[in-house]
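Engineer: give me coordinates for this.
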Amino acid sequence: MTATSTPTAGELFRLVQNGRAESRADLSRLTGLSASTVALRVEELIAHGYLEETGRGASKGGRRPRMLAVSAGETIVAAVDLGERHMTIVLMNRRGEVLADSNQPLSLLDGPQRVLADVWDKVQELAGELPGTRIEGIAMSLPGPVDSRDGRLLAPMRMPGWNGIVVADLLRDITGLPAHVDNDANAMAMGEFVERGQSVNELVFVKAGSGIGCGVIVGGELYRGYRGVAGDISHVALAGAPPVICSCGRVGCLDVVASGAAIVDALRESGIAVDHLEDVLALAADAHPRATGLLREAGQRTGEVLATIINFFNPRVLAIGGQLATADAFIAGVRQAIYTLCLPMSTDLLEISVSAAGPLGGARGVGDALLAALLEPERIDRDLKDASSKIE
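Structural biologist: Below is the predicted model:
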């Protein structure tokens with residue numbers, strides 16, 4: 001909405017969607033439109049299922065206003081957080097409310113076509129539990145770098161056979177629906193931002209699990225960089241790190257010395273039988289000294305990389321999610337490194353905390369991004385125009 005243009009119905013919808021307006025009076029005040037013009041456009045949005053009235057608000061000296069909200073409607077979006085060995089599925093209405101969720105096993109080694117077909121089958125199964133609803137789009141977060149210009153996966157570390165795949169195109173072919181795809185750390189950063197009421201405009205989110213990634217919120221917006229790989233800290237080489245060879249061909253990258261997969265490998269080399277990161281976390285919960293020590297060391301290594309980001313970016317919140325965030329030793333290591341290496345002026349007001357969004361954060365974040373695209377003002381305006389043309 002520019003200073004010289006007349007706000008459209010779609011732009012009025014966006015003001016309600018982002019919480020800036022709750023009534024017709026708010027819309028008139030924010031846009032400068034007359035009450036009668038606002039009323040006409042709001043009624044049109046209500047008639048076409050975009051907005052609904054939710055009752056009366058508090059009086060400010062006159063009649064109590066009729067409150068407006070995004071209509072939940074009968075359409076839903078499917079949002080999937082794809083992990084190395086599992087997928088988390090969330091079904092959301094247009095308000096971003098979670099209606100159903102599910103966690104299912106999978107293996108990325110099965111290849112993109114089979115995995116995505118399996119995902120779609122599981123999505124439809126879950127949607128079958130919500131009779132009377134219709135899926136209008138599907139979103140997916142992926143454990144690898146995604147080129148924001150064309151949605152192409154860029155040399156993912158633990159996804160053999162996926163490099164160069166445009167997953168959104170494949171999803172559209174399989175489902176016949178609009179699709180949106182992003183990196184998992186970016187999705188989790190957005191999920192955290194939304195969970196915190198979109199009030200933390202400078203936020204760094206670290207996804208610490210089998211791999212390590214990072215998403216950055218700047219000025220209330222996800223910062224992607226030129227190709228969409230901003231925040232990819234997994235290949236930062238650490239001074240003094242063990243000479244472990246990374247998939248990028250270098251040694252000592254953060255991912256191969258501090259990720260969950262690296263900790264599993266280190267325990268196996270010590271003769272301790274573990275298969276997955278869950279086994280490591282179980283050992284640490286029983287105060288196993290080697291597992292606990294490796295988790296703390298991994299946290300310190302991760303904190304060394306994050307310290308540079310904290311000093312440079314000066315965020316208000318550093319949120320840590322993923323399986324490693326459930327380990328106190330890992331979190332303690334991160335804190336120790338940051339408070340040791342960062343300037344006091346960068347940390348005296350810094351909040352370091354475990355993710356508030358929890359295990360559904362990635363799916364919710366990528367789902368919210370899809371909803372924003374599906375409910376863009378321009379798209380709504382086209383829909384209303386097309387509907388009007390059919391009536392004429």
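Engineer: could you check the pLDDT of Ile391?
Structural biologist: Note for Ile391: predicted pLDDT of 67.
Engineer: hmm, I typed the wrong one, I wanted Arg149.
Structural biologist: 84.
Engineer: ok, the closest residue to it other than its chain neighbours - contacts?
Structural biologist: Leaving out its chain neighbours, the residue that sits closest to Arg149 by Cβ to Cβ, 6 or more residues apart in numbering is Arg227, at 6.5 Å. Heads up, the C-betas are built off the backbone N, CA and C, glycines and all. Applying Cβ atoms under 8 Å, 6 or more residues apart in numbering, we find Arg227 in contact with Asp147, Ser148, Arg149, Leu154.
Engineer: and if you look at Pro112?
Structural biologist: Contacts for Pro112 (Cβ under 8 Å, 6+ apart) come out as Gly161, Trp162, Ile165, Val167, Leu170.
Engineer: which ones among the residues you listed lie within helices?
Structural biologist: Using DSSP state H, the subset of the contacts of Pro112 located in helices is Val167, Leu170.
Engineer: which stretches in the stretch 251-392 of the chain count as helices?
Structural biologist: In the stretch 251-392 of the chain, the segments counted as helices under DSSP state H, counting those that start in this stretch are 254-258, 260-269, 277-285, 289-313, 328-341, 344-347, 361-374, 377-391.
Engineer: please tell me how far the residue nearest to Arg149 sits from Asn186.
Structural biologist: As judged by Cβ to Cβ, to the nearest Å, Arg227 and Asn186 stand 13 Å apart.
Engineer: hmm, back to that, make sure the residue nearest to Arg149 is indeed in a strand.
Structural biologist: No. Counting by DSSP: H, G, I helix; E, B strand; the rest coil, one finds Arg227 to be coil, located in no strand.
Engineer: put the alpha carbons of stretch 363-375 into PDB.
Structural biologist: Output in PDB follows, covering the C-alpha atoms of stretch 363-375 (Å, rounded to 0.1, in the frame of the first residue of the first chain):
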ATOM      1  CA  ALA A 363       6.300 -26.800  10.100                       C
ATOM      2  CA  ARG A 364       4.400 -23.800  11.500                       C
ATOM      3  CA  GLY A 365       7.000 -21.400  10.100                       C
ATOM      4  CA  VAL A 366       7.000 -22.700   6.600                       C
ATOM      5  CA  GLY A 367       3.200 -23.000   6.700                       C
ATOM      6  CA  ASP A 368       2.800 -19.300   7.700                       C
ATOM      7  CA  ALA A 369       5.000 -18.400   4.800                       C
ATOM      8  CA  LEU A 370       2.700 -20.300   2.400                       C
ATOM      9  CA  LEU A 371      -0.400 -18.700   4.000                       C
ATOM     10  CA  ALA A 372       1.200 -15.300   3.400                       C
ATOM     11  CA  ALA A 373       1.700 -16.200  -0.300                       C
ATOM     12  CA  LEU A 374      -1.800 -17.600  -0.700                       C
ATOM     13  CA  LEU A 375      -3.400 -14.600   0.900                       C
END
